[in-house]
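Asks: heads up, no residue letters with this:
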(Lines give C-alpha, C1' and ligand atoms only; values in the text may rest on other atoms or scores of the structure.)
Protein backbone atom coordinates (compact mmCIF):
# COMPACT_ATOMS: atom_id res chain seq x y z
CA UNK A 1 0.00 0.00 0.00
CA UNK A 2 2.81 2.41 0.99
CA UNK A 3 4.70 1.44 -2.16
CA UNK A 4 1.70 2.42 -4.33
CA UNK A 5 1.39 5.78 -2.55
CA UNK A 6 5.08 6.49 -3.15
CA UNK A 7 4.73 5.57 -6.80
CA UNK A 8 1.69 7.87 -7.22
CA UNK A 9 3.47 10.73 -5.44
CA UNK A 10 6.59 10.31 -7.56
CA UNK A 11 4.57 10.18 -10.78
CA UNK A 12 2.75 13.36 -9.76
CA UNK A 13 6.08 15.05 -8.96
CA UNK A 14 7.55 14.13 -12.35
CA UNK A 15 4.40 15.29 -14.12
CA UNK A 16 4.53 18.62 -12.27
CA UNK A 17 8.17 19.03 -13.19
CA UNK A 18 7.44 18.33 -16.84
CA UNK A 19 4.47 20.71 -16.83
CA UNK A 20 6.56 23.49 -15.33
CA UNK A 21 9.27 22.92 -17.93
CA UNK A 22 6.74 23.20 -20.76
CA UNK A 23 5.27 26.39 -19.26
CA UNK A 24 8.77 27.90 -18.98
CA UNK A 25 9.48 27.07 -22.63
CA UNK A 26 6.20 28.63 -23.76
CA UNK A 27 6.87 31.76 -21.70
CA UNK A 28 10.34 32.00 -23.23
CA UNK A 29 8.84 31.64 -26.72
CA UNK A 30 6.37 34.47 -26.11
CA UNK A 31 9.16 36.71 -24.82
CA UNK A 32 11.42 35.90 -27.78
CA UNK A 33 8.67 36.57 -30.31
CA UNK A 34 8.23 40.20 -29.24
CA UNK A 35 4.46 39.72 -29.38
CA UNK A 36 1.82 39.91 -26.70
CA UNK A 37 0.37 36.63 -25.44
CA UNK A 38 -2.80 37.23 -27.47
CA UNK A 39 -0.83 38.07 -30.63
CA UNK A 40 1.41 35.03 -30.20
CA UNK A 41 -1.61 32.77 -29.76
CA UNK A 42 -3.01 34.06 -33.08
CA UNK A 43 0.42 33.62 -34.67
CA UNK A 44 0.33 29.94 -33.70
CA UNK A 45 -3.19 29.55 -35.05
CA UNK A 46 -4.80 28.94 -31.66
CA UNK A 47 -7.12 30.99 -29.46
CA UNK A 48 -5.81 33.20 -26.64
CA UNK A 49 -7.91 31.28 -24.11
CA UNK A 50 -6.53 27.94 -25.29
CA UNK A 51 -2.97 29.25 -25.22
CA UNK A 52 -3.55 30.63 -21.73
CA UNK A 53 -4.54 27.15 -20.57
CA UNK A 54 -1.18 25.87 -21.86
CA UNK A 55 0.74 28.61 -20.01
CA UNK A 56 -1.02 27.91 -16.72
CA UNK A 57 -0.35 24.19 -17.04
CA UNK A 58 -4.05 23.29 -17.01
CA UNK A 59 -3.76 21.69 -20.45
CA UNK A 60 -0.67 20.12 -21.97
CA UNK A 61 0.09 21.29 -25.51
CA UNK A 62 1.10 18.74 -28.10
CA UNK A 63 4.79 18.29 -28.79
CA UNK A 64 4.17 19.63 -32.31
CA UNK A 65 2.66 22.87 -30.99
CA UNK A 66 5.50 23.40 -28.52
CA UNK A 67 8.12 22.91 -31.24
CA UNK A 68 6.19 25.19 -33.62
CA UNK A 69 5.97 27.87 -30.93
CA UNK A 70 9.72 27.77 -30.38
CA UNK A 71 10.52 27.71 -34.10
CA UNK A 72 8.24 30.64 -34.91
CA UNK A 73 9.43 32.64 -31.90
CA UNK A 74 13.06 32.16 -32.89
CA UNK A 75 12.35 33.22 -36.48
CA UNK A 76 10.38 36.29 -35.33
CA UNK A 77 13.21 37.32 -33.00
CA UNK A 78 15.81 36.98 -35.76
CA UNK A 79 13.60 38.80 -38.25
CA UNK A 80 13.16 41.66 -35.79
CA UNK A 81 16.91 41.76 -35.12
CA UNK A 82 17.70 41.95 -38.85
CA UNK A 83 14.78 44.29 -39.71
CA UNK A 84 13.21 41.63 -41.93
CA UNK A 85 9.43 42.09 -42.39
CA UNK A 86 7.05 39.30 -41.46
CA UNK A 87 3.53 38.46 -42.59
CA UNK A 88 2.25 40.23 -39.47
CA UNK A 89 4.22 43.38 -40.35
CA UNK A 90 3.13 43.22 -43.98
CA UNK A 91 -0.56 42.93 -43.20
CA UNK A 92 -0.35 45.74 -40.65
CA UNK A 93 1.08 48.08 -43.31
CA UNK A 94 -1.41 46.89 -45.92
CA UNK A 95 -4.37 47.48 -43.62
CA UNK A 96 -3.16 50.98 -42.75
CA UNK A 97 -2.96 51.86 -46.45
CA UNK A 98 -6.36 50.29 -47.13
CA UNK A 99 -7.90 52.36 -44.32
CA UNK A 100 -6.77 55.50 -46.17
CA UNK A 101 -8.66 54.31 -49.24
CA UNK A 102 -5.61 54.20 -51.50
CA UNK A 103 -6.07 50.88 -53.28
CA UNK A 104 -3.18 51.43 -55.70
CA UNK A 105 -0.70 51.97 -52.87
CA UNK A 106 -2.22 49.13 -50.87
CA UNK A 107 -1.76 46.76 -53.79
CA UNK A 108 1.81 47.99 -54.27
CA UNK A 109 2.52 47.13 -50.63
CA UNK A 110 1.07 43.65 -51.13
CA UNK A 111 3.38 43.10 -54.12
CA UNK A 112 6.31 44.47 -52.14
CA UNK A 113 5.59 42.01 -49.32
CA UNK A 114 5.45 39.16 -51.83
CA UNK A 115 8.79 40.19 -53.34
CA UNK A 116 10.45 40.46 -49.94
CA UNK A 117 9.21 36.97 -49.07
CA UNK A 118 10.45 35.62 -52.39
CA UNK A 119 13.92 37.00 -51.68
CA UNK A 120 13.79 35.63 -48.14
CA UNK A 121 12.94 32.11 -49.33
CA UNK A 122 15.85 32.24 -51.75
CA UNK A 123 18.51 33.74 -49.50
CA UNK A 124 17.39 33.56 -45.85
CA UNK A 125 15.43 30.33 -45.67
CA UNK A 126 16.05 30.08 -41.92
CA UNK A 127 13.67 33.03 -41.45
CA UNK A 128 10.79 31.36 -43.28
CA UNK A 129 9.24 30.61 -39.89
CA UNK A 130 8.61 34.32 -39.44
CA UNK A 131 6.07 34.05 -42.27
CA UNK A 132 4.57 30.92 -40.74
CA UNK A 133 3.28 33.19 -37.96
CA UNK A 134 -0.38 33.89 -38.69
CA UNK A 135 -1.47 37.55 -38.93
CA UNK A 136 -4.54 38.53 -36.88
CA UNK A 137 -7.74 37.20 -38.51
CA UNK A 138 -10.44 39.47 -39.89
CA UNK A 139 -13.61 38.18 -41.52
CA UNK A 140 -14.08 39.25 -45.13
CA UNK A 141 -10.70 41.00 -45.33
CA UNK A 142 -9.85 40.81 -49.04
CA UNK A 143 -6.32 42.15 -48.53
CA UNK A 144 -5.54 39.40 -46.01
CA UNK A 145 -6.89 36.84 -48.46
CA UNK A 146 -4.69 38.29 -51.21
CA UNK A 147 -1.63 38.23 -48.95
CA UNK A 148 -2.43 34.63 -48.00
CA UNK A 149 -2.61 33.72 -51.69
CA UNK A 150 0.74 35.40 -52.38
CA UNK A 151 2.47 33.74 -49.42
CA UNK A 152 0.99 30.33 -50.22
CA UNK A 153 2.14 30.56 -53.84
CA UNK A 154 5.68 31.69 -52.95
CA UNK A 155 6.21 28.88 -50.45
CA UNK A 156 4.95 26.25 -52.88
CA UNK A 157 7.01 27.75 -55.70
CA UNK A 158 10.08 27.51 -53.45
CA UNK A 159 9.33 23.83 -52.80
CA UNK A 160 8.36 24.36 -49.16
CA UNK A 161 5.14 23.53 -47.29
CA UNK A 162 2.89 26.58 -47.22
CA UNK A 163 1.98 27.99 -43.77
CA UNK A 164 -1.36 26.69 -42.51
CA UNK A 165 -2.93 30.17 -42.32
CA UNK A 166 -2.44 30.71 -46.06
CA UNK A 167 -5.08 28.10 -46.92
CA UNK A 168 -7.76 30.59 -45.89
CA UNK A 169 -11.11 30.21 -47.67
CA UNK A 170 -11.84 32.21 -50.81
CA UNK A 171 -13.69 35.51 -50.82
CA UNK A 172 -17.48 35.32 -50.76
CA UNK A 173 -17.76 37.67 -53.72
CA UNK A 174 -15.52 38.23 -56.72
CA UNK A 175 -12.83 40.85 -56.49
CA UNK A 176 -11.56 42.07 -59.87
CA UNK A 177 -8.55 44.38 -59.82
CA UNK A 178 -9.08 47.00 -62.53
CA UNK A 179 -6.54 47.05 -65.34
CA UNK A 180 -6.49 49.83 -67.97
CA UNK A 181 -7.58 48.69 -71.44
CA UNK A 182 -8.72 45.28 -70.19
CA UNK A 183 -12.32 44.25 -69.69
CA UNK A 184 -13.43 42.23 -66.68
CA UNK A 185 -13.71 39.18 -68.92
CA UNK A 186 -10.14 39.64 -70.18
CA UNK A 187 -8.81 40.16 -66.65
CA UNK A 188 -10.45 36.93 -65.52
CA UNK A 189 -9.04 35.06 -68.49
CA UNK A 190 -5.53 36.33 -67.70
CA UNK A 191 -5.69 35.55 -63.96
CA UNK A 192 -3.56 32.60 -62.79
CA UNK A 193 -5.52 29.68 -61.35
CA UNK A 194 -4.00 29.99 -57.86
CA UNK A 195 -5.57 33.45 -57.55
CA UNK A 196 -8.83 32.72 -59.33
CA UNK A 197 -9.56 29.90 -56.88
CA UNK A 198 -9.63 32.54 -54.12
CA UNK A 199 -12.23 34.53 -56.10
CA UNK A 200 -9.53 37.17 -56.76
CA UNK A 201 -8.91 38.21 -60.36
CA UNK A 202 -5.73 40.04 -61.32
CA UNK A 203 -4.25 40.03 -64.82
CA UNK A 204 -0.90 38.25 -64.98
CA UNK A 205 0.90 41.41 -66.14
CA UNK A 206 -0.19 43.25 -63.00
CA UNK A 207 1.60 40.64 -60.89
CA UNK A 208 4.97 41.43 -62.47
CA UNK A 209 7.41 43.75 -60.71
CA UNK A 210 10.83 44.94 -61.80
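Replies: That came through fine. Computed from a predicted model, the values in this text were never measured in an experiment.

Asks: ok, the residue sitting nearest the centre point of the chain to residue 190 distance?
Replies: Nearest to the centroid of the C-alpha atoms of the chain, with distances taken as Cα atoms, centre = their mean, sits residue 134, at 2.4 Å. For residue 134, the distance to residue 190 (Cβ to Cβ, to the nearest Å) stands at 30 Å. Heads up, the C-betas are built off the backbone N, CA and C, glycines and all.

Asks: for residue 167, same thing?
Replies: Counting by Cβ to Cβ, the gap from residue 167 to residue 190 is 24 Å.

Asks: neighbour count: those two, which is higher?
Replies: Comparing residue 167 with residue 190 by other Cβ atoms under 10 Å, the one with more neighbours is residue 190, at 16 against 10.

Asks: for that one, which non-adjacent residue is spatially closest?
Replies: Leaving out its chain neighbours, the residue that sits closest to residue 190 by Cβ to Cβ, 6 or more residues apart in numbering is residue 203, at 4.2 Å.

Asks: quick revisit: need the contact list for the residue lying closest to the residue nearest to the centre of the chain once chain neighbours are set aside.
Replies: For residue 134, ignoring the flanking residues on the chain, the nearest one in space by Cβ to Cβ, 6+ apart is residue 165 at 3.7 Å. Residues near residue 165 by Cβ atoms under 8 Å, 6 or more residues apart in numbering: 45, 87, 134, 135, 148.

Asks: please consider this matter closed, and thank you.
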